[in-house]
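Visitor: Coordinates only, no sequence provided:
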C-alpha cells in the first residue's frame, strides 16, 4: 500500500515537472538551453558545496540530540540518514514521509524506538522554531529594504505561509510544554469529529493520542533540561536555512552575471519561497515553489530565459539531485540491513 502511494506521488511529481518545464521553455527554448550550457560552472559547483554544507549542519543538529541517547553514535550515520530523508521528504506531501523513516533509521543505529521518536520530535520542534526565526528575519529585511515592492498576490501568499509555519511551531511547542492544554484542545476536536461521524471509536483515538502526548511530554522535559542543546540546534538549523537561501544568488549570477540580485535579496526571496511552499499539499511543494520562485526573482533579471534557466538549475540542484541521491543511499542502507 505504501509503495503504491509512493509511486502515485512520484508520478504526480513527474507530471508537474513536465508542466513546469513546458512553461519554462515554451517561449525561449533555444535561448534557455544556451544559457544553461554557458552558465558559470564555478558558481554552480559553489552552489553544490553550499547545499552540502547545509545538509552537514542539519545532520550535526540531529546528531547533537541523538548523541544524548547513544554516546556511541557516529556522525556519518546521521549524515547518511539526512541524505536518505531527502527522498522521503521529496515524494510525500508536506514532507511527512521523512520523520517515520528517521525514527526507523535511528532505531537501527542503536536508539530505542522511544528515544528515536523523542529525538525526531525534539529535532522537528527546533527545526520549526529556526524556520519561524528565518521568516521573521525575511519580513524585517523586506520591510527595511522594500525588496519586493507591493505585489499583493505574493504578499498574501507569504503572509499565509508565515502564519502556517507559526501555527505549526506554536502547535509543536504547545504539545511539548503544555500537554494538559493540548489534550483539552485535541479531545475537543475528537468529540466534534465523532459527532459529525468523521471518526468512530472515541476510546481508541483517546488512547492513541495519550501515547502521543506522553512522547511529547518526555521530549519537552529533555528540551527544558538542556537549554544549551536546544539553542545550538536552533542556531545550526537557522544557519542551514540561510545557506540554502544563498544558493539562488549564485545560480542567478551564473546565468546572468549582470543581474542586480544581492545576498539579502536572495535570502529574503528564498525564505519567502519556502514559506509559501510549506502549505502546498503536493510532494515537494511542486507547482507552488516554481511559481513563487519565478515571481520573486524574475524582476531582477534581464530576460525571461534567464529566470527559466535559473529555476531549472535551482530546482534540479536543491530538489531532484538530493532526492535521487537519497534513493541511491537508501538502496545501500537496505542492503546493509540484510
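Guide: Nice, I can see it. Note that the structure is a prediction, hence the values are computed from the model and not measured.
Visitor: so who does the residue of the chain most remote from its centre touch?
Guide: Distance from the C-alpha centroid of the chain, by C-alpha atoms, centre = their mean, peaks at residue 195 (35.3 Å). Applying C-beta atoms under 8 Å, 6 or more residues apart in numbering to residue 195 gives no contacts. Every residue, glycine included, has its C-beta placed from N, CA and C.
Visitor: pLDDT score assigned to it?
Guide: pLDDT, residue 195: 79.
Visitor: Counting neighbours, what do you get for the closest residue to residue 280 other than its chain neighbours?
Guide: Once flanking residues are discounted, residue 280 sits nearest to residue 288: 3.6 Å by C-beta to C-beta, 6 or more residues apart in numbering. Residues lying near residue 288 (other C-beta atoms under 10 Å) number 20.
Visitor: so what's residue 288 up against?
Guide: Contacts of residue 288 by C-beta under 8 Å, 6+ apart are 276, 277, 280, 282.
Visitor: Ok, residue 128 next?
Guide: 165, 168, 169, 172.
Visitor: so which strand or helix has the second one?
Guide: Following DSSP states H and E, one finds residue 168 within helix 152-177.
Visitor: which helices and strands does that helix pack with?
Guide: Where contact means 3 or more C-beta pairs under 8 Å, 6 or more residues apart in numbering; DSSP states H and E, helix 152-177 is packed against helix 113-145, helix 179-195, helix 202-225, helix 263-277, helix 288-297.
Visitor: what about residue 329, neighbour count?
Guide: Neighbour tally, residue 329, other C-beta under 10 Å: 19.
Visitor: Tell me the pLDDT of it.
Guide: As predicted, residue 329 sits at a pLDDT of 87.
Visitor: repeat for the one 4 residues further on
Guide: pLDDT, residue 333: 68.
Visitor: quick one: residue 266 from residue 250, how far?
Guide: 8 Å (C-beta to C-beta, to the nearest Å).
Visitor: Can you report how many residues lie near the nearest residue to residue 137 once chain neighbours are set aside?
Guide: Leaving aside its sequence neighbours, residue 137 sits nearest to residue 271 (C-beta to C-beta, 6+ apart; 7.3 Å). If you count neighbours by other C-beta under 10 Å, residue 271 ends up with 26.
Visitor: Would you agree residue 271 is in contact with residue 140?
Guide: No - with contact defined as C-beta atoms under 8 Å, residue 271 does not count as touching residue 140 (11.1 Å).
Visitor: okay, the closest residue to residue 158 other than its chain neighbours: pLDDT?
Guide: Closest residue in space to residue 158, ignoring its immediate chain neighbours: residue 272 at 4.9 Å, by C-beta to C-beta, 6+ apart. Looking at residue 272, its pLDDT is 88.
Visitor: how far is stretch 221-241 from where the chain is centred?
Guide: 17 Å (C-alpha atoms, centre = their mean, to the nearest Å).
Visitor: can you tell me how far residue 114 sits from residue 107?
Guide: 10 Å.
Visitor: wait, residue 307
Guide: Noted for residue 307: a distance of 44 Å to residue 107, by C-beta to C-beta.
Visitor: Between those two, which is the more surrounded one?
Guide: Taking neighbours as other C-beta under 10 Å, residue 307 and residue 107 compare with residue 307 leading, 27 against 15.
Visitor: So what's the residue count around residue 52?
Guide: 14.
Visitor: now do the one 4 residues further on
Guide: Each residue near residue 56 was counted by other C-beta under 10 Å, and the total is 17.
Visitor: Numbering from 19 from now on, please.
Guide: Sure thing, new numbering starts at 19, so read that last one as residue 74.
Visitor: Scan the helices and strands of this protein for the one with the lowest mean pLDDT.
Guide: Lowest on mean pLDDT, DSSP states H and E among the helices and strands of the chain sits helix 20-43, with a mean of 67.
Visitor: From the contact counts, what lies against the helix or strand following that helix?
Guide: Next helix or strand after helix 20-43 toward the C-terminus (DSSP H and E): helix 47-55. Counting contacts by 3+ C-beta pairs under 8 Å, 6+ apart, helix 47-55 packs against helix 20-43, helix 322-333.
Visitor: Go through the helix or strand just after the last one and flag the buried ones.
Guide: On the C-terminal side of helix 322-333, the nearest following helix or strand under DSSP H and E is helix 339-355. Across helix 339-355, burial judged by 16 or more other C-beta atoms under 10 Å covers 340, 341, 344, 345, 347, 348, 351.
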